[in-house]
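# sequence and computational prediction follow.
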Amino acid sequence: MGMETTWDEIRVTTFQKMHLVEDNKVVEDDSTREHLAAMPAAYNEAVRLLSTTNRYITKYFEVSSSGLKNSLSVDLKTIVDDLFMVQPGGVYFTDSSGRTDEYYDGTVIGDKDLILDGSETGTYRVYYYAYPVKATADTAGATDMQIDPDVASLVPLYMASQLWKEEEPGIATACRNEFEIGRELLVRERNDGFSSEFRNTTGWW
C-alpha cells in the first residue's frame, strides 16, 4: 500500500490475510459476500483502536484574534467535525507584523473548548489530530481512507481476525496476535512530549 490507501486496497489485503483471494481485486461471490458486508464495522473498530497511537492524520484550522479581548474561547466542535485531540505543541500565533511563534499559554477544557490569549491582534493556527474516514456499506472502492501507511498495514490483520474468528479461529488468532504486536510498536513510538505551559484538563497529555 502506498501513501494513499483506498478502501479496495484494505479489502483486498484483508482477503489475502484470510486466504480468500490471490490477486489484487475485490471478489464478490458466495465465499466473500458475507465478509464484505461485515468489513466496514471491522475496519472502524480497527482504526479506533489505532487512534491511541501517534499515527494520526494531522490537520489545522485558523482563528483570528482582534486583540480586543483578554481571552479568546474557541468551540472546537463548531470548527471541525473530525477532532480527536489538539496536537501537542501544535499551536502557532502570527502577529500583525507577520511574525510567527509557537504558542503555549493556552488551555484545552474537556474535548470542547480551547482558550487562547485574545489581547493581541493576529491569527492562531491550531494543528490537531483527526479521526480517519469511517467506512460504510456505501464507501466506494477508490475512496482514500486517509490513514498512515503503518496503520494501513495493520488494519487488515485486525479485520481478518474479526471476520475469521468463528470459521477459522487459528488464522484469526494468528492475525490478531500480529496486529497486537504491531500496535504495541506504534504505541511505543507515541510522542508524549509537550510543554507543561500548555495546560490540558482532559488527561490526554
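Done, it's in.
# got the contact list for residue 44?
For residue 44, the residues meeting the contact criterion (CB atoms under 8 Å, 6 or more residues apart in numbering) are 134-135. To be clear about C-beta, it is placed using only N, CA and C from the backbone, and glycine gets the same treatment.
# which pLDDT value belongs to it?
In this prediction, residue 44 carries a pLDDT score of 95.
# kindly report the same for residue 197.
If you check residue 197, the pLDDT there is 42.
# residue 65 against residue 120, yeah?
Yes. The pair residue 65 and residue 120 qualifies as a contact (CB atoms under 8 Å) at a distance of 6.1 Å.
# can you check the pLDDT for residue 191?
With respect to pLDDT, residue 191 has a value of 47.
# for this structure, longest strand please?
Across the chain, the strand with the greatest residue count (assigned by DSSP state E) is strand 83-95.
# run me through the strand neighbours of the helix or strand just after that strand, direction for each.
Scanning forward in sequence from strand 83-95, with DSSP states H and E defining helices and strands, the next element found is strand 100-102. For strand 100-102, the paired strands and their directions (DSSP bridges) are strand 83-95 (antiparallel).
# would you mark the buried spots in stretch 112-128?
Of the residues in stretch 112-128, those with enough neighbours to count as buried (16 or more other CB atoms under 10 Å) are 114, 116-118, 122, 124, 126, 128.
# in TSV, list these along with secondary structure.
Formatted as TSV, the entries for the buried residues of stretch 112-128 read as follows, by DSSP: H, G, I helix; E, B strand; the rest coil:
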residue	secondary structure
114	strand
116	strand
117	strand
118	coil
122	strand
124	strand
126	strand
128	strand
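# export those residues to TSV and tack on pLDDT?
Putting the buried residues of stretch 112-128 into TSV (pLDDT from 0 to 100) gives the following:
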residue	pLDDT
114	94
116	95
117	94
118	93
122	96
124	97
126	96
128	92
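# closest to residue 17 among these?
Checking those against residue 17 with CB to CB, the nearest one is residue 128 at 32.1 Å.
# and that closest one, how far from residue 20?
38 Å (CB to CB, to the nearest Å).
# likewise for residue 133?
24 Å.
# try residue 75
Between residue 75 and residue 20 the distance, using CB to CB, works out to 46 Å.
# so for the two, which residue has more residues nearby?
Comparing residue 75 with residue 20 by other CB atoms under 10 Å, the one with more neighbours is residue 20, at 17 against 9.
# dump the residue contacts of that one.
When contacts are counted by CB under 8 Å, 6+ apart, residue 20 is found next to 27, 31-32, 35.
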